[in-house]
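J.: The amino acid sequence is not available; the structure is as follows:
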């Protein structure tokens, strides 16, 4: 029997509404080129290719974006899992595990959200390989745990337990998952140590995942499409529950281990976190497109269209995001609320600007 | 002898750089439609026509804008005084007085900057007629004095003196002109009374003006073009001093009277003063063009291009001025410094964005 292979499953189903107006329903966050000179999706594929061979890279995405994903990645249709309806990550992961297991029963899967930023691809690939070994041999669900560098209240945390075993150096058991904490609690976690950021990056054997789903999330397990026909998939998704894999399974299973890592990772969740990624600070602005003609104060994030001049006078701590048809000016520290603007506009039927 | 007529001389030579990026070298402030549904120039012509007959309306402007002014106003070429070089208001006024006096030796002139806002055109016309009578009979230079409504530090002030005479009710002598005061002084002026804003709107007989210029500003008087040929005008302007009529003459002549008025007047000097004109206040934004998709805080002035959606999150006291090729975001209370941005860009040779 061939050695089971390590597959990369890229989840490109998210909308990234907090990146509005740059991200739109038709042009979501993975397609944005917000750092490192390539789109987040392209960067994720590059990362995957560091540890997964070409025919072991898969993407799960919505029907709206299948064309865009294929154009960007060059993936063949059979390695694109096109969801007829958005059903959050539990279904996406479950379907991928089942589909990959058909051709590679002992496959190991690495689940990679398509909208994260991890500049050190080498360290990342090495972590994936170590996690894959632990997952394969230990039959555990491994979640990547990033060592916190600040008391971030935007991430979930992992309380670290005992070492998983001598065969898998560094890998630890998970004592529990903690939802996004308040500021005081986040500071305590950072001070005390023993807590990691839950990066939403998972590594497991397909069979382990399917067994654990059957045990802890039977409604997800039963919703996995049983055939490859569009009708079978549509039928299955129609009634499938919409839940993140974190709450559907990771917080319930007893087989959760974590691999702590120290490389830089960000889910680039908001304009504020992008500003931080790009080094915006007091007195220092960053420009993504457009020409900054004047900026006397600094500390702003500017996203201008091509051939556009932008002048900022007496302002700081702002994101100025200009997509040609829409302009957003927001306090960076309010940028988590951009999602609320999108929700409101959608409610008003404004698909032209969302 | 025909009764001397009242002429309106509209000064459209200013650049209005503090209205950048909406105002440009090629498209200065008088051409902007910033209130009342028409351009400032059109509104000024409308105001002039309330007290001056059609063939008594004149415009002084730069060569760059002659075409635009003619298109906007429909004035015949002979009533357009096209300055080959910008030389501030003293030269513009002097030239207009000399040119009009040739055909109407006892003409009375009302000097109207093309970029002010005076919504009550009826009250304005009535004031112009009263000022014209006093100027004609009293052979005085009349300056319009606006009753202050707030301790504005952006205007020059007039210290009011004794009544000019029983024949001209309301008209007062001027004790002195006061340059833009600091905040404490402006508050004192408002409290004490007896001070008016110098509106930069003047009424005088052409012959009085020319005599007073000859006496107090001979270098201006001697620079007045002696012929109508382009060469003669260019020659005269070449060496002409560049000075405002206020300092060149009004602050020196002993024949200055003022007509105090109480109607609303603004020179709309900055984005801040426009915001005040339009009623921007805490929690209330105003939009000039574009669609405000979202604005949770208010207190902003928004100038968007057509078919553009603008969303503001957590910001207030801003001007967001979007002209398609250039976007300015400024604190409203810093908007007097916009001129500095323009100066800097010009220094860098950026005629493309100025």
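T.: Yes, it's here. Here the structure is a predicted model, which means the values were calculated and not measured. Numbers count the residues shown, from 1 in each chain, chains lettered A, B, ... in the order given.

J.: count of neighbours near the residue in the stretch 51-200 of chain A that chain B sits nearest to?
T.: Proximity of the stretch 51-200 of chain A to chain B (CB to the nearest CB) peaks at residue A:154, 16.9 Å away. Every residue, glycine included, has its C-beta placed from N, CA and C. For residue A:154, the count of nearby residues is 14 (other CB atoms under 10 Å in any protein chain shown).

J.: list the contacts for it?
T.: A:180, A:269-270, A:273, A:336 (CB atoms under 8 Å, 6 or more residues apart in numbering or on different chains).

J.: switch the cut-off to 6 Å
T.: Residues near residue A:154 by CB atoms under 6 Å, 6 or more residues apart in numbering or on different chains: residue A:269.

J.: May I see the buried residues of whichever helix or strand residue A:71 is part of?
T.: Using DSSP states H and E, residue A:71 sits in helix A:66-73. Across helix A:66-73, burial judged by 16 or more other CB atoms under 10 Å in any protein chain shown covers A:66, A:68-70, A:72-73.

J.: now do stretch A:101-119
T.: Neighbour-count burial for stretch A:101-119 [16+ other CB under 10 Å]: A:101, A:107-118.

J.: okay, those in CSV with pLDDT next?
T.: Formatted as CSV, the buried residues of stretch A:101-119 follow (pLDDT from 0 to 100):
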residue, pLDDT
A:101, 96
A:107, 97
A:108, 98
A:109, 98
A:110, 98
A:111, 98
A:112, 98
A:113, 98
A:114, 97
A:115, 95
A:116, 96
A:117, 96
A:118, 97
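
J.: Could you list which of the residues you listed belong to strands?
T.: Applying DSSP state E to the buried residues of stretch A:101-119, the entries found in strands are A:108-113.

J.: Which ones among those residues also lie next to chain B?
T.: Here nothing survives when these are matched to chain B using CB under 6 Å from any CB of the partner chain.

J.: Could you list the buried residues of the biggest helix by length in chain A?
T.: Looking across chain A with DSSP state H, the single longest helix is helix A:121-138. When burial is assessed from 16+ other CB under 10 Å, helix A:121-138 yields the following buried residues: A:121, A:123-125, A:127-136, A:138.

J.: next helix or strand past that helix?
T.: strand A:141-146.

J.: any residues touching the helix or strand in which residue A:188 is found, and which ones?
T.: Assigned by DSSP H and E, residue A:188 belongs to helix A:183-192. Residues lying outside helix A:183-192 but in contact with it, judged by CB under 6 Å, 6+ apart, are A:148, A:151, A:153, A:157, A:195.

J.: Is the second one located within a helix, as I assumed?
T.: No: note on residue A:151: no helix contains this position according to DSSP: H, G, I helix; E, B strand; the rest coil, which reports coil.

J.: Any idea how many residues pack against it?
T.: By the criterion of other CB under 10 Å, residue A:151 has 16 neighbours.

J.: Tell me the confidence at the nearest residue to it once chain neighbours are set aside?
T.: Among residues not flanking residue A:151 along the chain, residue A:186 sits closest, at 3.7 Å (CB to CB, 6 or more residues apart in numbering or on different chains). You'll see residue A:186 listed with a pLDDT of 95.

J.: same deal with the one 3 residues further on?
T.: At residue A:189 the predicted local distance difference test score is 96.

J.: which residues in chain A form helices?
T.: Here chain A has its helices, by DSSP H, at A:40-49, A:66-73, A:88-103, A:121-138, A:183-192, A:206-216, A:218-221, A:230-239, A:245, A:271-277, A:338-347.

J.: by how many degrees do the third one and helix A:206-216 diverge?
T.: If I follow you right, that is helix A:88-103. Orientation check (axes from the mean of the first three to the mean of the last three CA atoms, to 10 degrees): helix A:88-103 against helix A:206-216 gives 130 degrees.

J.: Check the fourth one too.
T.: Taking the same axes, to 10 degrees, one finds that helix A:121-138 is oriented at 70 degrees with respect to helix A:206-216.

J.: Around chain B, pick out the residues from chain A.
T.: Residues of chain A lying near chain B (CB under 6 Å from any CB): A:294, A:309-315, A:320, A:326-331, A:334, A:341, A:353.

J.: ok so, going back, out of the buried residues of helix A:121-138, the closest to residue A:223 would be?
T.: residue A:135 (23.6 Å; CB to CB).
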